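Novice: Predicted model and sequence follow; I will ask about them next.
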Amino acid sequence: MKQYAVGIDIGSTCAKAVVLESSGNIVQRLVQPTGWSSADTAQQIQTQLSEFIPQANIAATGYGRVCVPYAHRQITEITCHAHGACALYGEKTLTVIDIGGQDTKIIRVEDGRVADFLMNDKCSAGTGRFLDVMASTLGLAPDELYELAACGGGVHISSMCTVFAESEVISLIGRGEEKKNIAYAVVDSIVTKVAAQAARLLPTEGPVCLTGGLCQAQVLVDALSDVLKRQVLTCPDGRYAGAMGAAILAREFLRDLS
């Protein structure tokens with residue numbers, strides 16, 4: 001009978017799951033909105049993964065990890081994102097920038113282990129939630145905001161508070177500023193906040209990678225690379241880094257048992 005390792009990452013905005021074979025190959029990925037109930041989301045994931053669950057070791061991470069009763073272990077997001085990023089980017093020493101729905105984490109990894117980290121969990125500025133609020137104010141979907149931001153410029157949002165920043169955006173709309181320039185200002189605000197946080201932990205050398213739901217926003221990746229003055233790496237599976245790391249750690253536990 002095949003054995004599988006499952007990593008489940010229930011974040012504040014989205015829940016992700018990754019299923020690994022014993023060889024380490026990914027056989028399934030899932031992503032869905034977390035919604036108001038992490039417990040309901042965990043049940044939905046269990047149903048979707050029912051063909052693997054009876055034969056799998058399961059690790060849960062994310063802020064909703066305590067709501068996954070069928071998980072064999074719960075692991076912090078910091079540890080899981082570190083392991084997931086190392087696997088996805090093929091590096092054992094790197095800096096991970098995870099822009100999540102409600103917080104941003106900067107994780108320094110040395111030789112495959114977490115050496116240090118910073119976490120912004122006091123304000124939603126510089127997070128996916130900030131971007132969602134601003135996109136809604138502009139009447140845009142996030143992907144539409146990215147597309148417009150790539151064509152805009154010349155406008156900046158001075159406030160680092162989401163509530164006050166939204167007021168600035170409304171003022172910009174009221175005075176007739178082009179939507180593409182406001183979209184640029186939103187992305188610029190996120191990048192400024194994240195870069196300032198990253199600068200406190202970023203070593204002078206070594207790769208930097210982006211994980212989380214914004215890692216496929218190329219305009220944000222490019223802007224962050226410019227501000228940090230080094231290429232920020234990203235990949236299609238970057239948003240699954242937390243779930244990937246949880247699955248890797250679950251797989252290692254299976255190997256230790258064999």
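Specialist: Cool, the structure landed.

Novice: what ranges of the stretch 101-250 of the chain fall below the confidence cut-off?
Specialist: Residues of the stretch 101-250 of the chain meeting the criterion pLDDT under 70: 121-126, 160.

Novice: Compute the first-to-last residue distance for stretch 112-127.
Specialist: Terminal residues of stretch 112-127 are spaced 26 Å apart (Cα to Cα, to the nearest Å).

Novice: what about P203, neighbour count?
Specialist: 13 (other Cβ atoms under 10 Å). Where you see a C-beta, it was placed from the backbone N, CA and C, and this is true even at glycine.

Novice: center of this protein - which residue?
Specialist: Against the mean C-alpha coordinate of the chain, by Cα atoms, centre = their mean, the closest residue is G212 at 1.5 Å.

Novice: For that one, name its beta-bridge partners.
Specialist: Here G212 sits in beta bridges with I99, going by DSSP bridges.

Novice: Quickly note the distance from it to G101.
Specialist: G212 sits 8 Å away from G101, taking Cβ to Cβ, to the nearest Å as the criterion.

Novice: Overlap of the contact sets of those two?
Specialist: G128 (Cβ atoms under 8 Å, 6 or more residues apart in numbering).

Novice: and the residue lying closest to G24 once chain neighbours are set aside, how many neighbours?
Specialist: Leaving out its chain neighbours, the residue that sits closest to G24 by Cβ to Cβ, 6 or more residues apart in numbering is R251, at 6.8 Å. Using other Cβ under 10 Å, R251 has 23 other residues around it.

Novice: can I assume R251 is in contact with S23?
Specialist: No. R251 is not in contact with S23 according to Cβ atoms under 8 Å; the separation is 9.4 Å.

Novice: can you pull the contacts of Q32?
Specialist: 14-15, 41, 44-45.

Novice: Over to T127?
Specialist: T127 neighbours (Cβ under 8 Å, 6+ apart): 99-104, 120, 190.

Novice: Of these, which belong to strands?
Specialist: Judged by DSSP state E, the subset of these located in strands is 99, 104, 120.

Novice: For the residue nearest to G24, pull up the helix or strand it's in.
Specialist: If you go by DSSP states H and E, R251 is part of helix 241-257.

Novice: could you give the angle of the helix or strand hosting A15 to helix 241-257?
Specialist: Using DSSP H and E, A15 falls within strand 14-21. Interaxial angle, strand 14-21 versus helix 241-257 (axes from the mean of the first three to the mean of the last three Cα atoms, to 10 degrees): 30 degrees.

Novice: List the neighbouring strands of the helix or strand that strand 14-21 is followed by plus their orientation.
Specialist: The first helix or strand that comes after strand 14-21 along the chain, using DSSP H and E, is strand 26-33. Strand 26-33 has the following strand partners under DSSP bridges: strand 14-21 (antiparallel).
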